[in-house]
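Engineer: Take a look and give me a structure for this.
(chains A and B)
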Amino acid sequence: MATPCDIVEPFGPCWGIDSSMNFEEHAAKPLLRTAGIATPRGLLAASPAEAERIATTLGPCVLKAQVPTGKRGKAGGIKRTHTPAEAKSAATAILGMSIGGHRVERLLVEAQVPIAHELYAAVLNDPASKGPLLLFSARGGMDIEDIAAAHPDELVRLTCDIRTGLDARSLQAALPPDLPCDRGKLADLLLRLYAVYADSDAELVEINPLVVTGTGDLIALDCKLTVDDGALARHEALAETGAPEKLTALEIQAGRLGLKFVELDGSVGVLANGAGLTMTTMDAVRHFGGSPANFMEIGGESYTKATPALELVLSNPRVKCLLVNFCGAFARTDVMVEGVIKAWLELQPKIPIFFTIHGTGEDEAIAMVKERLGITPFDLMDNAVKAAVAAARGAPT
Amino acid sequence: MIASGRDRVLVQGITGKQGTFWSERMRDYGTKIVGGVNPKRAGETHLGLPVWATAREAARRTNIDAAVMFIPPFGVKDAALDAIAAGIGKIVCLTEHVPVHDTMYILAAARERGTQVLGPNTAGIVTVGECFLGFMPAFNPRVFRKGNVGVISRSGSLGTLICLNLVQAGLGISAFVGIGGDPIIGTTTKDALVALDRDPNTKAVALIGEIGGAMEEEAAEYARTMKKPIAAFIAGAASPPGKRMGHAGAIVMGDKGSFAGKKAALEAAGVTVCSTPNGVAESLKRT
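Structural biologist: This is a model prediction of the structure:
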């Protein structure tokens, strides 16, 4: 069995860390083709009839569910078919299926490729070397993590200087002496893969498996691509082909406002600034026996958006109380608190609110809360969290 | 990286709204700001300080030890390469959402020149009673009081809370090192820990981490060798695991990155891992 692999993203890239956009196979493969890496012939299908029609022109096919998650094969989302009629019935089975919480709406219908060997190749951002890292294994396939763990010497790891790119000579020296394919062809493909990575600002581009056919050709059977959010603005055309996150209506609304918001199933509404402090506030709610209703971060440059942020948190009917935890460094607590008070007075929610405010602008912020809401903020975060947890349980406040 | 009150500081992007606001505060606190950079306003003065076209130009006119950048994300690469080419020894990059490929490019150039980089996506550094670079509330006496605890934090807001807790507990702070929240940064948790270990004014360390990445695990290896007591808090115990980057992520990261893994690694190295941020101050008070 493979270890947990591929993309596990219960809440999508919403935590202020690891923020990146996923590209499904059908969106990633055109980048490979443009760079001169062969992929199987294929087309997207959204209905069984379409899959049947595509299969008629392609012959024996593979139908692959297009969802932004891994383990598609193990979930039954990949099927090999021989006739158009088989393609139609396989499409009927896969479309509408749920894989890793994602409903399958589209299939990639591809011509079958004769497989002699399966290799593995990837280029990714490597925090350890603080630069690009090329990974290659002459043994690819579904259980690559296990192979890499059991035979670490068979996995090529080549770090690169991003200023000069992947060096052809270092690559030749790094590749193993025995390869189940032509050495020159493989090196050429890896250089092209690196170009895809560099040109698309990728966090990761991965081909698994990279297939050697009976005639010695190299074909990318699958491709995974992620691009960090910070770079997307300079890749507009590419960004439009990214996989939409699985979001609730409120989360979509938040995204439009440029806010990081995730709905959870608890009862303590949380409003904090900065990803670290927001995570910590949620940790503290759990630590003192409560359960957070959301992740809502309004730090960084979005700290002026306290009013719409509060409206979103309060529109969740499960919220029994609101916990506001602001620690101003860059973000000014007086600006954030002014927004919260404005929204609070406008919406007049019938739930208690608890504040704890420190850092830049705290004197003005604390004075405002006292004056306009008649509430004294807690000096210690723990005490504010305890009070909020008690209130969410229905204790009198 | 630790800042010194003797450091002569250049502010890149000094004329912008944030650059202006924080330059005034840094200077009021004691930071020796010698001037700023804005190519469009070269030759002018701003806040009574000279404005140069480039950091290289500035370095030809005066000695500069550190640069702090108030620069939008897509301008960071050029500004940082300018500062590196100018031979400036320390660069503080505050900007959020810098493309990671740009960060890696900057860090490769910095390594070649021996330049230290803090960030990106950091709130900066504070040497209490001397100077600060960035946008930490160093001037707020409830948050920062001089003492002997060194603080390392990825997050500015959480770092602020920790410093406040230390002051509330009757302790003080020697230096605050905000290393930044991005996946790839110039100064890692371990780098900051080494700097605080060597700092004669630091007698104990508050190490504030977050789930994801392997920096806390790496820092734990060094913590083993330290005599100064360390108390840690790792944010994200109640958060779900982040995304794994394909098979490659699993191969490169292995089992690193989780709250449990970080806690175990730090505890094995003799670090006290606290379950609330306030626990850090309480723990250090007992040492």
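Engineer: Now do the SS call for residue A:322.
Structural biologist: Judged by DSSP: H, G, I helix; E, B strand; the rest coil, the three-state class of residue A:322 is strand.
Engineer: how about low-confidence regions in chain B?
Structural biologist: B:240-246 (pLDDT under 70).
Engineer: domains of it?
Structural biologist: B:8-118, B:140-286 (automatic domain parsing).
Engineer: Format the ones you listed as TSV; extra columns: distance to residue A:164 and mean neighbour count.
Structural biologist: Just so you know, the C-beta spots here come from the backbone N, C-alpha and C atoms, and that holds for glycine as well. Formatted as TSV, those follow (distance: least, CB to CB, whole Å; neighbours: other CB atoms under 10 Å in any protein chain shown):
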stretch	distance to residue A:164	mean neighbour count
domain B:8-118	9	20
domain B:140-286	18	22
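Engineer: Show me where the stretch 151-300 of chain A has its helices.
Structural biologist: A:168-174, A:183-199, A:229-232, A:236-239, A:249-256, A:275-287 (DSSP state H, counting those that start in this stretch).
Engineer: next one: the stretch 1-150 of chain A
Structural biologist: Using DSSP H, counting those that start in this stretch, the helices of the stretch 1-150 of chain A run over residues A:25-34, A:48-58, A:84-94, A:144-150.
Engineer: list the helices and strands the last one packs on?
Structural biologist: Spelled out, it's helix A:144-150. Counting contacts by 3 or more CB pairs under 8 Å, 6 or more residues apart in numbering or on different chains; DSSP states H and E, helix A:144-150 is packed against strand A:131-137, helix B:246-253.
Engineer: about what we covered before: right, and the helices of the stretch 151-300 of chain A - which one's nearest chain B?
Structural biologist: Judged by CB to the nearest CB, the one of the helices of the stretch 151-300 of chain A that comes nearest to chain B is helix A:275-287, at 2.4 Å.
Engineer: Does the closest one reach chain B?
Structural biologist: Yes - using CB under 8 Å from any CB of the partner chain, we find that helix A:275-287 touches chain B at A:275-277, A:279-280, A:282-287.
Engineer: Closest one to residue B:174 out of these, please.
Structural biologist: Lowest distance from residue B:174 to the residues of helix A:275-287 next to chain B (CB to CB) belongs to residue A:276, with 21.1 Å.
Engineer: For the nearest residue to that closest one once chain neighbours are set aside, give its distance to residue B:218.
Structural biologist: Leaving aside its sequence neighbours, residue A:276 sits nearest to residue B:155 (CB to CB, 6 or more residues apart in numbering or on different chains; 2.4 Å). Residue B:155 sits 18 Å away from residue B:218, taking CB to CB, to the nearest Å as the criterion.
Engineer: What of residue B:239?
Structural biologist: Taking CB to CB, one finds residue B:239 at 21 Å from residue B:218.
Engineer: Please list all residues in contact with the residue nearest to residue A:276.
Structural biologist: Going by CB atoms under 8 Å, 6 or more residues apart in numbering or on different chains, residue B:155 touches A:274-277, B:123, B:178, B:181, B:208, B:210, B:235.
Engineer: at 7 Å instead, please
Structural biologist: A:274-277, B:181, B:210 (CB atoms under 7 Å, 6 or more residues apart in numbering or on different chains).
Engineer: what's the answer for residue A:295, then?
Structural biologist: Counting by CB under 7 Å, 6+ apart, residue A:295 has contacts A:14, A:261-262, A:264, A:278, A:282.
Engineer: As TSV, those residues with neighbour count would be great.
Structural biologist: TSV is the format used below for the contacts of residue A:295 (neighbours: other CB atoms under 10 Å in any protein chain shown):
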residue	neighbour count
A:14	24
A:261	24
A:262	23
A:264	19
A:278	30
A:282	31
